[in-house]
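>>> Sequence and predicted structure below; questions after.
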Amino acid sequence: MSSDLLVDLAEDPPTPQIETLKLSPMDDPQWPPDLSVCSKSETDISRLDATSPHLPWNHEFYDIARHHIIEVAGDDNFGRKVIVFNACRMPPHHQLDHQKLLKYLKETLDKYVESDYTLIYFHHGLTSENKPSLGWLRDAYREFDRKYKKNIKALYIVHPTMFIKTLLILFKPFISFKFGRKINYVSYLSELEDVLKCDQLTIPARVTEYDNKLRASIKPSSQPPMSPARSPPLPEQVFGVPLPLLRQRSPDGDPVPALMTDTITFLLAQGLDIEGIFRRSANVTLVKQVQLRYNSGEAVSFSEMEDIHLAAVILKTFLRELPEPLLTYDLYDSIVQFSSVPIDEQPVEMKKMLESLPEENYACLRYLMTFLAQVSANSEVNKMTNSNLAVVFGPNLLWGQNAAMSLGAIGPINTFTRSLLDQQHLVFT
């Protein structure tokens, strides 16, 4: 699959000996630091994870992860995990072990390839200085077998050049027709809004600047639409609305929104024996229709729809689109560092942390965890153990204020979610 992320290769740079590779500092004057643009907060990329405890300096992949070449950005609009590859963040080839980069990419994907996922490749910023060799692409093609291709639902190549399009045509004999249909060219960042909310991505500043230049270079009549501005919630809107407001609208003041009770009640009755529940995406058109019906105040009956996975996707989408994650930004640091708490103290510490949540958040979390315990109890049939559920729900329960997460950040969140699922009978007493 990685061979499909082809780059502009004028000629192969000489492959350096491993002894010549060096760990370049993030502020290396020869390679400008990348200040990422995110609409939720303008955060210097060097402050995100490079100096955080997520990946210690002696970790096997620290020298790769600190550049944020590969990131996990939650789910797209259809419930599929999003993996992002940023070409512009690759340092010069003599300062990067490309074989280790390949291993890091595989380790990232290994966590998600059993579920449906989407890959976004930001092509701009790949130059003769940082492009990998043809030999590396050849090795990558051999490494990525059917395991990685089976559940990828879409590959978006952002800001493709004519050369990369031509190269993909030349490689067409090696790419199956089925996989070829998954490749999509994205000319402008605004086009990604049909796939996911761009503010969940930490888009490199160089990519944003390039996108702005592209827009400025074309005639006004041909200008692509800008990303839509966020408007106030509609009177009946459900998605993207704070939990306290949803509670105010509830006739009986229930802190758990009707959407959560609708989806969970249906899944308890119909989904506990479905293999891979929460790991599959749903029909795109149906997802949009159900969201529109909820946002219009209409009743939704999942039992009248053919796709059982639809309810699971809608539940995950609702959690992901909350203005603030269910576990809240206030608990972010404590959760990421939770593994440092002694094992025997974790249930008490977890209980204390969660009891600090707003009432609506606590009620929703408790309701969700009680349900997921029943899903896990049927794991012999549905294959959704606590570990698998943690990988699915961790990124939908908590994210940083910059929204996108590296592999180093997502690990502690998933570990906390796994602990919460394991200990929920003690935590929610």
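Thanks, I have it. Just so we're clear, the structure is a prediction, and the values are computed from it rather than from any experiment.

>>> Going by C-alpha atoms from here, please, whenever you check contacts or count neighbours.
Fine.

>>> Would you map the strands across the stretch 1-150 of the chain?
36-37, 70-75, 81-86, 117-122 (DSSP state E, counting those that start in this stretch).

>>> For those strands, please prepare a markdown table with the additional fields mean neighbour count.
Compiled in a markdown table, the strands of the stretch 1-150 of the chain are given as follows (neighbours: other Cα atoms under 10 Å):
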| stretch | mean neighbour count |
| --- | --- |
| strand 36-37 | 22 |
| strand 70-75 | 26 |
| strand 81-86 | 24 |
| strand 117-122 | 23 |
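
>>> Could you point out which of those sits nearest Glu275?
strand 117-122 (17.0 Å; Cα to Cα).

>>> so what secondary structure elements neighbour that closest one?
In terms of contacts (3 or more Cα pairs under 8 Å, 6 or more residues apart in numbering; DSSP states H and E), strand 117-122 is packed against strand 81-86, strand 152-158.

>>> what's the angle from the longest one to strand 117-122?
Spelled out, that is strand 152-158. 10 degrees (axes from the mean of the first three to the mean of the last three Cα atoms, to 10 degrees).

>>> Which secondary structure elements does strand 152-158 sit against?
strand 117-122, strand 183-186.

>>> In a markdown table, list those strands along with distance to Cys198 and mean pLDDT.
Converted to a markdown table, those look like this (distance: least, Cα to Cα, whole Å; pLDDT from 0 to 100):
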| stretch | distance to Cys198 | mean pLDDT |
| --- | --- | --- |
| strand 117-122 | 12 | 93 |
| strand 183-186 | 13 | 90 |
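
>>> Of those strands, which is nearest Ala390?
Using Cα to Cα, these put strand 117-122 closest to Ala390, at 16.1 Å.

>>> Can you list the strands that the closest one pairs with?
strand 81-86 (parallel), strand 152-158 (parallel) (DSSP bridges).

>>> For Asp97, which of those strands is the nearest?
Of these, nearest to Asp97 by Cα to Cα is strand 81-86, at 16.0 Å.

>>> sorry, back to before: export the helices and strands packed on strand 117-122 to a markdown table and tack on distance to Val238 and mean pLDDT?
Supplementary listing: the helices and strands packed on strand 117-122 in a markdown table, determined by distance: least, Cα to Cα, whole Å; pLDDT from 0 to 100:
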| stretch | distance to Val238 | mean pLDDT |
| --- | --- | --- |
| strand 81-86 | 22 | 91 |
| strand 152-158 | 27 | 91 |
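
>>> so Ser339 sits right up against Ile413, yeah?
No. Judged on Cα atoms under 8 Å, Ser339 makes no contact with Ile413 at a distance of 9.7 Å.

>>> Pick out whichever of these two has more residues nearby.
Ile413 (25 against 15; other Cα atoms under 10 Å).

>>> quick revisit: can I get the helices and strands packed on strand 117-122 in CSV with distance to Leu272?
CSV is the format used below for these (distance: least, Cα to Cα, whole Å):
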stretch, distance to Leu272
strand 81-86, 21
strand 152-158, 24
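
>>> Low-confidence ranges, the stretch 251-400 of the chain, go.
Counting by pLDDT under 70, the stretch 251-400 of the chain shows no low-confidence range.

>>> Just the helices from it, written as ranges.
258-270, 284-295, 309-320, 332-336, 346-354, 359-377, 379-382, 386-397 (DSSP state H, counting those that start in this stretch).

>>> which stretch among those helices comes nearest Tyr188?
Short answer: helix 284-295, nearest of these by Cα to Cα, at 21.6 Å.

>>> buried set for the closest one?
Val287, Val290, Gln291, Tyr294, Asn295 (16 or more other Cα atoms under 10 Å).

>>> I figured the first one hits Phe78, correct?
Going back to what we said before, that points to Val287. Yes. Here Val287 reaches Phe78: they are 6.7 Å apart, a contact under Cα under 8 Å.

>>> list residues touching both of the two?
Residues touching both Val287 and Phe78 (Cα atoms under 8 Å, 6 or more residues apart in numbering) are Val313.

>>> Quick check: the nearest residue to Asp116 once chain neighbours are set aside vs Leu109, distance?
Spatial nearest neighbour of Asp116, excluding adjacent residues (Cα to Cα, 6 or more residues apart in numbering): Asn151 at 4.7 Å. With the distance defined as Cα to Cα, to the nearest Å, Asn151 ends up 11 Å from Leu109.

>>> List phi and psi for Gly125.
phi 100, psi 0 (degrees, to the nearest 10).

>>> Tell me which residues touch it, please.
Ala87, Cys88, Arg89, Arg206, Val207.

>>> Nearest to Lys147 among those?
Once Cα to Cα is applied, the member of these that ends up nearest Lys147 is Ala87, at 23.7 Å.

>>> All set, thanks.
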